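>>> Sharing a model prediction with you, sequence too.
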Amino acid sequence: MKKIPIYNQSPDAVGGIFIAYHSPDDLADFETRLEAHRDDFFIFFVLTNGHAVLKCDMIDIEINAGNILMIKPLQIHHGQDGTPDAAGYYIGVAPFLIPNNCLEVFQSLTVSEQLNVIDPVKQEELLNIIQLLHRSFTSSNSNKTQIINGLFNALIYHFANLYAESKSPVKEFKNQSAVIYANFKKLITDRTFLESPSYFAKKLNITTSHLNDCVNASSGKSVTYWLQNAMIIEAQRLLYYAESEVKEIAFALGFQDHTYFSRLFKKITKETPLAFRKKFRE
């Protein structure tokens with residue numbers, strides 16, 4: 001069976017953020033160039049012209065000019081169709097950069113709700129921030145990472161507000177696996193990600209084996225993966241934003257042995273905590 005590829009963020013990302021403007025020429029043959037795949041980061045498509053169709057987790061989503069589509073990490077998606085004049089912005093974001101209150105908004109959305117119409121009243125302000133972020137990303141200014149990060153923070157709260165204030169969510173049928181997976185994700189917090197899979201299975205009144213089956217069926221990943229993923233995201237936030245030593249961060253996350261934390265961090269991310277901090281602060 002052919003495996004669905006999982007792509008990492010572009011090496012051209014700055015501090016965990018990547019933005020590109022795709023012209024009609026860039027989106028030519030859209031349906032054949034974008035194969036079915038997963039990404040390990042968040043994506044926001046903001047279409048400024050034309051019309052396009054993407055399939056996300058088996059659902060066709062039609063995007064028109066003035067629409068925004070969010071793709072969550074590890075959702076399967078690929079291009080379906082696009083008009084010759086389709087153009088817009090692609091924004092890729094490392095999960096650790098998204099504040100928890102915004103993350104809660106995004107994670108609660110069904111696939112259909114991940115498409116939203118930008119309020120015409122707010123459209124100019126939103127596009128101004130996106131365009132400024134894009135210009136800063138392609139410039140060679142000093143303090144580039146800090147400037148991009150500041151603009152991104154403004155943008156992500158605009159996105160979260162847009163989704164939270166949506167007046168017309170589309171209800172969508174979910175099978176049992178999807179419901180269990182969604183409820184499992186809600187139970188993962190900065191206080192529970194070190195718990196065992198059996199802890200979450202007990203909370204959901206199911207067996208650990210059934211929990212793993214449902215999580216795998218819905219995301220292609222195990223329960224252990226998502227617990228480690230939550231821990232890594234919180235660790236990355238602390239490494240990125242705080243000045244604490246790695247030992248202090250390990251203890252703050254609940255690890256008794258800071259060397260074990262460092263080994264686990266490297267095993268999952270393929271780099272040491274200090275290497276991560278240096279890379280994302282350059």
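Yep, it's here.

>>> Ranking helices and strands of this protein by mean pLDDT, which lands last?
Lowest by mean pLDDT, DSSP states H and E among the helices and strands of the chain is helix 30-33, with a mean of 54.

>>> immediately after that helix, which helix or strand?
strand 38-39 (DSSP states H and E).

>>> Touching that following strand from outside, list them.
Contacts to strand 38-39, defined as C-beta atoms under 8 Å, 6 or more residues apart in numbering, come from residues 4-9, 71, 73-77, 92, 220. Every residue, glycine included, has its C-beta placed from N, CA and C.

>>> Check which residues of the helix or strand following that strand are buried.
Next along the chain after strand 38-39, taking DSSP H and E as the criterion, comes strand 42-49. In terms of neighbour count (16 or more other C-beta atoms under 10 Å), strand 42-49 has its buried residues at F42, I43, F44, F45, V46, L47, T48.

>>> Quick one: mean pLDDT for the longest helix seen in the chain?
Looking across the chain with DSSP state H, the single longest helix is helix 144-164. Averaging pLDDT along helix 144-164 yields 92.

>>> Any regions of the stretch 51-200 of the chain where pLDDT drops low?
167-174 (pLDDT under 70).

>>> Please enumerate the helices of it.
100-107, 120-137, 144-164, 176-187, 197-203 (DSSP state H, counting those that start in this stretch).

>>> Quick one: closest of these to L274.
L274 sits nearest to helix 144-164 of all those, at 17.2 Å, using C-beta to C-beta.

>>> Mind giving me the packing neighbours of the closest one?
strand 17-22, strand 67-71, strand 87-93, helix 100-107, helix 120-137 (3 or more C-beta pairs under 8 Å, 6 or more residues apart in numbering; DSSP states H and E).

>>> partners of the second one, with directions?
Here strand 67-71 has these sheet partners by DSSP bridges: strand 42-49 (antiparallel), strand 115-117 (antiparallel).

>>> Now the shortest one: buried residues?
So that's strand 115-117. L115, N116.

>>> With stretch 17-28 instead?
Within stretch 17-28, the residues scored as buried using 16+ other C-beta under 10 Å are I17, F18, I19, Y21, H22, L27.

>>> With stretch 229-246 instead?
Taking 16+ other C-beta under 10 Å as the criterion, stretch 229-246 shows 229-240, 246 as buried.

>>> Any chance you could list what contacts that stretch?
So stretch 229-246 is contacted by 15-16, 94-97, 188-190, 193-194, 221, 249, 252-253, 258, 261-262, 265, 268-269, 273-274, 276-277, 280-281 (C-beta under 8 Å, 6+ apart).

>>> related to what we said a few turns ago, got the contacts of strand 38-39 as TSV, with neighbour count and distance to A86 columns?
As requested, those are arranged in TSV below (neighbours: other C-beta atoms under 10 Å; distance: C-beta to C-beta, whole Å):
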residue	neighbour count	distance to A86
I4	13	25
P5	10	24
I6	14	26
Y7	11	21
N8	12	26
Q9	18	23
I71	22	17
P73	19	24
L74	19	25
Q75	18	21
I76	17	21
H77	24	16
G92	21	19
G220	15	29
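
>>> measure Y21 to Y181 for me?
34 Å (C-beta to C-beta, to the nearest Å).

>>> I should have written I17 there, sorry.
According to C-beta to C-beta, I17 and Y181 sit 28 Å apart.

>>> for D257, same thing?
31 Å.

>>> okay, the two: which has more neighbours?
Just comparing D257 and Y181: by other C-beta atoms under 10 Å the higher neighbour count belongs to Y181, 22 against 11.

>>> mind listing what the closest residue to the more buried one other than its chain neighbours touches?
Leaving out its chain neighbours, the residue that sits closest to Y181 by C-beta to C-beta, 6 or more residues apart in numbering is S218, at 3.8 Å. Neighbouring residues of S218 by C-beta under 8 Å, 6+ apart: S177, A178, I180, Y181.

>>> Likewise for L133?
I17, I19, I91, I148, L151, F152, L155 are the contacts of L133 under C-beta under 8 Å, 6+ apart.

>>> among these, which ones are buried?
I17, I19, I91, I148, L151, F152, L155.

>>> Reformat the residues you listed as TSV; add distance to Y199.
Converted to TSV, the buried ones among the contacts of L133 look like this (distance: C-beta to C-beta, whole Å):
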residue	distance to Y199
I17	34
I19	39
I91	35
I148	38
L151	39
F152	34
L155	36
